[in-house]
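Engineer: Quick check, what structure comes out for this input:
(one chain, ligands or ions: 1)
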Amino acid sequence: MRYALLLHLALSAPAWASPVVGRAEELVSCLRSSLSPQASIVFPDDPSFANDTVRFSSYHEPTFRLVSLIANEDDARASIICAQKTETEFLFTKPGAHGIYSGFDRLKNGLQISTAKFDKIEVEATKNIMTVGGAVRFNDVINDLYAVGKNIPVGSSPCVGILGAALGGGIGRLEGLYGLIADSLLSVRIMLPNTTVVEASKVANPELFWGIRGAGVNFGFVLNATFQIYDLPLGGTTFSADFEFPLDAMKDLFQSFKEGAASMPPPLCISTYMTWSDTYNATTMKVNAAYAGPQSDGRKAIRFFSDIPALRQNFTDVPWNQLLDSAFFVNGDQSAETCGVDYGSRSSSGAAFNELTVEAHVRMTELFNYMVTKYPQMRGSDNSMYLCATQAVRALSNDATAYPWRQALGHQTWGIVYPENTTDATIEYLPQRLRATIADSAGTDGLATYIGFSRGDEPLESLFSAEHLPRLSALKKKYDPQGLFNAYHPLPTSYP
Ligand SMILES: Cc1cc2nc3c(=O)[nH]c(=O)nc-3n(C[C@H](O)[C@H](O)[C@H](O)COP(=O)(O)OP(=O)(O)OC[C@H]3O[C@@H](n4cnc5c(N)ncnc54)[C@H](O)[C@@H]3O)c2cc1C
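Structural biologist: Numbering: from 1, shown residues only. Purely as a prediction, here's the structure:
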């Protein structure tokens, strides 16, 4: 790194920028001479810098000395070249980024290559395809597709980047019908670390395309991607059943989930959200069952748990584009997530499970309750589960894409709030113990985690699988031998 050298050099200020004393002169002048007029450089003392670099979670977040707000492909190329010339580490990301990773803080005083302007969505409804820019978020595609009677699998947070998710696999509510989010990817245009742009699809660079669908953050910046899209069932209405259960219902609930999971019809997905409830002054679990079909069929599909006594419940039909803003009793009120906001220091972690072991899930919820009871400052933490029908995910072989956990029945995740001065040691390593409780009983031969739900301390095999790592490391060696795209879950260039 040449940060020390670069930092303290002064530069005469161009008219359009604030003074650059103490900034990375060489990097700035390289960017200034190579970016297009539509691009801009944002400095730490510019009023917009905080908004341009804000992340959903500040947990181990990377830090940046400059933002290169790129407007096109050439700007992306110029930013990589300037960063390389000045030995500056970089990250392609955008305001409100949802990636959470304990290794992000290895990137200090780097260059944020801000992709915010890669926000175009082009829907070709008659061909059932959609092309999105590299920074497009779930809520953008949901609304644009809904307007033309189409949909695509998306995750549960409206602000997550569709490519950020798809490049790791992408878990969402329509898995039973359409598979992982990555399974709808038809092709990508990717700027490789050497700044050439190539297409990857099942016919063009197929091996790269295989790796992109599970470890795609490692091979370059996806400028845009084309996805298959689908007709909205029922003109767009989804049956949505919300429940809130007390802790003492957990045994019955998980027992019924275990019995019902194997025969869930493809349109059904259950998601859970356990957190501290001020209303009930207790830890409770909210459950949302979404059924992409008629209410009469949906009610039948959830019979395996819907009679368990709940604190409250609400059944309704919602337009598909409003599901994320209304599930879990939110009903479109202001508690729905706002994009571009820092929600404090929150780690994420997750464990996929091939089997649902009732005792382990109950123990895990008790441990979670212990955590938020003993450490009230952590009451904003949550513990969630995806238990969706999986027919379309399992229809492909485990080798079809680099995403390695197709046999998973579901995913358990934890969003843990770390108040100031809190470390894992001061909270009895509860985040790790919660995860181990599920992983040890999951029938997965050790911890198995979708990278989007990872924490950053997982062994490589738990993220990519020992089976896929030889192929993935060969791809890394071929496309990114210098490790330029190593900020988030880097792959090795050889394995084992
Ligand atoms: C509250 C919350 C809810 C979530 N819910 C879900 C869910 O329901 N389903 C699910 O699958 N995941 C979910 N995730 C996980 C999410 O998919 C990952 O965190 C993902 O990495 C976020 O991508 P991003 O683009 O929003 O963030 P970023 O931080 O910008 O991106 C994360 C990484 O992906 C890289 N990246 C992003 N876009 C591109 C691109 N176009 N080309 C190359 N690399 C790129 C970035 O460089 C970075 O390394 C959730 C995360 C959070 C915090």
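Engineer: Give me the number of neighbouring residues for F227.
Structural biologist: Taking other Cβ atoms under 10 Å as the neighbour definition, F227 ends up with a count of 26. All C-beta spots, glycine's among them, are computed from the backbone N, C-alpha and C.
Engineer: Now it: which helix or strand?
Structural biologist: With elements taken from DSSP states H and E, the one containing F227 is strand 221-228.
Engineer: same question for the helix or strand following that strand, mean pLDDT?
Structural biologist: For strand 221-228, the succeeding helix or strand toward the C-terminus, using DSSP H and E, is strand 230-231. Here the mean pLDDT over strand 230-231 is 96, rounded to a whole number.
Engineer: And stretch 55-70, by the same measure?
Structural biologist: Rounded to a whole number, the mean pLDDT of stretch 55-70 is 97.
Engineer: could I have that stretch exported to PDB, CA atoms only?
Structural biologist: The C-alpha atoms that make up stretch 55-70 are tabulated as PDB, following Å, rounded to 0.1, in the frame of the first residue of the first chain:
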ATOM      1  CA  ARG A  55     -24.100   1.000   4.900                       C
ATOM      2  CA  PHE A  56     -27.100  -0.900   6.300                       C
ATOM      3  CA  SER A  57     -24.700  -2.100   9.100                       C
ATOM      4  CA  SER A  58     -21.600  -0.500  10.500                       C
ATOM      5  CA  TYR A  59     -20.400  -3.800  11.800                       C
ATOM      6  CA  HIS A  60     -16.700  -4.100  10.800                       C
ATOM      7  CA  GLU A  61     -17.500  -1.800   7.900                       C
ATOM      8  CA  PRO A  62     -14.800  -0.800   5.300                       C
ATOM      9  CA  THR A  63     -13.600   2.800   5.300                       C
ATOM     10  CA  PHE A  64     -13.000   4.900   2.300                       C
ATOM     11  CA  ARG A  65     -10.900   7.900   1.500                       C
ATOM     12  CA  LEU A  66     -12.700   8.700  -1.700                       C
ATOM     13  CA  VAL A  67     -15.700   7.800  -3.700                       C
ATOM     14  CA  SER A  68     -15.600   7.400  -7.400                       C
ATOM     15  CA  LEU A  69     -19.200   7.900  -8.400                       C
ATOM     16  CA  ILE A  70     -19.100   6.200 -11.800                       C
END
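Engineer: low-confidence ranges in the stretch 301-450 of the chain?
Structural biologist: Low-confidence segments of the stretch 301-450 of the chain, defined by pLDDT under 70: 332-336.
Engineer: Tell me the residues on it that lie near the ligand, please.
Structural biologist: S348 (Cβ under 6 Å from any ligand atom).
Engineer: picking that back up, which elements pack onto the strand holding F227?
Structural biologist: For strand 221-228, the contact count by 3 or more Cβ pairs under 8 Å, 6 or more residues apart in numbering; DSSP states H and E identifies helix 73-85, strand 129-133, helix 162-166, strand 185-191 as packing neighbours.
Engineer: The third one near the ligand at all?
Structural biologist: So the one you mean is helix 162-166. Yes - taking Cβ under 6 Å from any ligand atom as the criterion, helix 162-166 and the ligand are in contact, through 163-165.
Engineer: Among those, which one lies nearest to K108?
Structural biologist: Proximity of those to K108 (Cβ to Cβ) peaks at G164, which lies at 21.7 Å.
Engineer: is it true that the closest one touches A97?
Structural biologist: Yes - with contact defined as Cβ atoms under 8 Å, G164 counts as touching A97 (7.5 Å).
Engineer: And the residue of this protein that's closest to the ligand?
Structural biologist: Using Cβ to the nearest ligand atom, the closest approach of the chain to the ligand is made by G164 at 1.9 Å.
Engineer: Pull the contacting residues for that residue.
Structural biologist: With contact taken as Cβ atoms under 8 Å, 6 or more residues apart in numbering, G164 is in contact with 97-99, 217, 452.
Engineer: Around the ligand, pick out the residues from the stretch 1-150 of the chain.
Structural biologist: For the stretch 1-150 of the chain, the residues in contact with the ligand (Cβ under 6 Å from any ligand atom) are 56, 91-94, 97-100, 134.
Engineer: Narrow these to those in strands?
Structural biologist: With DSSP state E as the criterion, strands contain 91-93 from among those.
Engineer: secondary structure class for the closest residue to N314 other than its chain neighbours?
Structural biologist: The shortest distance from N314 to any residue that is not its chain neighbour, by Cβ to Cβ, 6 or more residues apart in numbering, is 4.7 Å, and that residue is D242. Three states are possible here, and by DSSP: H, G, I helix; E, B strand; the rest coil the one that applies to D242 is strand.
Engineer: Alright, that wraps it up for me.
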